[in-house]
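Undergrad: Sequence and predicted model, in that order:
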Amino acid sequence: MFIMKALALLGSPRKNGNTDLLASEVLRACQEQGCEVEKVYLDDLNIHPIGPMVDKMKERKDDRADDDWPGTVAKVMDADIIIWASPVYWQGVTAQMKCFVDRFSTRYVDREFLDALRGKVWIVVTTHTMPEEGRWVLEPLRVWARHFKVKDLKELDVTVRRWGEVKEMPEAMERAYQLGREAVVQAGVS
């Protein structure tokens, strides 16, 4: 029997913060629909920044693969639904998430890697303090999604002012839950 997998990658170093709470709602919806779910806090992992890369993409290799990146990227490759959860930190995803994604360059033309990422459903969850700041996370993720030919990209962009505030925002929590439900349906459609 096939069991769908949903993986949340948390870029925020703040456990139980707004981004984490929203990602948890997405995962709850996925789990209630029969998915196997996992949450990975990138800040808890030992992931090195990308090393020097040669110009010829086919000759690239990961000289820093003695860390947690290979195991984590294997989980990404195995998941059907990926939740990219990051608050906006200085006009982008957190350093933890950027460090993780930069290492994708070591497998940029690796057919196994590209095939494994193609056709997945992605959900981007971002929080920030000022309206319109969500674009700093959403726009790069849209580019990544196009490159990896994902099946569907869903977005949740929430403005908050303090830690845990989303717990007092039922509409945001409900939207997160609904995105999880929609993702399971979309991931199951061939």
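TA: Received it, and whenever you're ready, just let me know what you need. Being a predicted model, the structure only gives us computed values, none of them experimental. Numbering: from 1, shown residues only.
Undergrad: which residue is nearest the middle of the chain?
TA: residue 84 (1.9 Å; Cα atoms, centre = their mean).
Undergrad: Wait, a strand at that residue?
TA: Yes - assessed by DSSP: H, G, I helix; E, B strand; the rest coil, residue 84 belongs to a strand.
Undergrad: Can you find which helix in this protein contains the most residues?
TA: Assignment by DSSP state H gives helix 170-188 as the longest helix of the chain.
Undergrad: Check what contacts it and list those residues.
TA: 4, 6, 21-23, 25-30, 33-35, 80-81, 120-121, 123, 125, 151-152, 154, 156, 158, 166-167 (Cβ atoms under 8 Å, 6 or more residues apart in numbering). (Each C-beta comes from the backbone N, C-alpha and C, glycine too.)
Undergrad: Tell me where this structure has helices.
TA: 18-32, 69-78, 95-102, 111-117, 135-147, 170-188.
Undergrad: Pick the most buried one from those.
TA: helix 18-32 (a mean of 23; mean count of other Cβ atoms under 10 Å).
Undergrad: Which strands and helices lie in contact with that one?
TA: strand 5-10, strand 36-41, strand 81-85, strand 121-128, strand 152-159, helix 170-188 (3 or more Cβ pairs under 8 Å, 6 or more residues apart in numbering; DSSP states H and E).
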